[in-house]
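Enquirer: Generate coordinates for the sequence data below:
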Amino acid sequence: MTLIPTLQTERLTLRAPQQGDYPALAEFYASERSHFVGGPQTHAQTWRTLAAEIGHWHLRGYGRWAVEETATGAFCGMVGPWCPEGWPEPEIAYDLMGGFEGKGYATEAATAALDFVFNTLNWKTAISFVAPENHASAALARRLGAQQEGTFDLGKLGTVNIFRHPKEARI
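Expert: Just a heads-up that it's a prediction; the model follows:
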């Protein structure tokens, strides 16, 4: 069983996903806000999504963290390395729950995730998949130092842009 590390940033705690995150995830995945990441979906599908997030850590040895505001304990989203079956290589994926955008939380959490994969897992690179219409996600990838390098067909999610995060950009 993989021990899921906890990461701290200035304002956020990145911790293991847990059952208590389900209500906020169910609300997110039931909304149109989730359409770039496979939603909307039913509550039963969201339960499976949460189980996949937790299981990914045990199958791959890494995964996405639940992100919470340290000061309030509020669940903000999911951020971290992700590589389910069918992905060509690991990505840094990020989803924020409604009401937490515009605060820099995605940048702060994704920066911590990138530092972890480059410095702890010794990755040389990572990607982020971004739907062509998801301008906010593309802007975040660029803020993180990524450059667009092509496209990939993610099946149900359609053709997405690939943004490359090279380790050298973080040094």
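
Enquirer: Just after the longest helix seen in the chain, pick out the following helix or strand.
Expert: Within the chain, and with DSSP state H defining each element, the longest helix by residue count is helix 43-60. Next helix or strand after helix 43-60 toward the C-terminus (DSSP states H and E): strand 65-69.

Enquirer: looking at this, residue 138 is in a helix?
Expert: Yes. Counting by DSSP: H, G, I helix; E, B strand; the rest coil, residue 138 is part of a helix.

Enquirer: Test my guess that it contacts residue 162.
Expert: No. Using Cβ atoms under 8 Å, residue 138 is not in contact with residue 162; the gap is 11.1 Å. For every residue, glycine as well, the C-beta is placed using N, CA and C.

Enquirer: got any residues that touch both of those two?
Expert: With contacts taken as Cβ atoms under 8 Å, 6 or more residues apart in numbering, residue 138 and residue 162 have residue 148 as neighbours in common.

Enquirer: contacts for the helix or strand bottoming out on mean pLDDT in the chain?
Expert: Within the chain, no helix or strand scores below helix 22-30, which has a mean of 93 by mean pLDDT, DSSP states H and E. Identification of contacts with helix 22-30 by Cβ under 8 Å, 6+ apart yields 34, 38-43, 45-47, 49-50, 75, 78, 95, 97-98.

Enquirer: Now restrict those to buried residues only.
Expert: Among the contacts of helix 22-30, the ones that count as buried by 16 or more other Cβ atoms under 10 Å are 34, 39, 41, 46, 47, 49, 50, 75, 78, 95, 97.

Enquirer: May I see these organised as a markdown table, with pLDDT and distance to residue 167 added?
Expert: Shown next, in a markdown table, are those (pLDDT from 0 to 100; distance: Cβ to Cβ, whole Å):
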| residue | pLDDT | distance to residue 167 |
| --- | --- | --- |
| 34 | 75 | 30 |
| 39 | 77 | 31 |
| 41 | 88 | 34 |
| 46 | 93 | 33 |
| 47 | 95 | 35 |
| 49 | 94 | 29 |
| 50 | 96 | 30 |
| 75 | 97 | 30 |
| 78 | 97 | 23 |
| 95 | 94 | 24 |
| 97 | 94 | 29 |
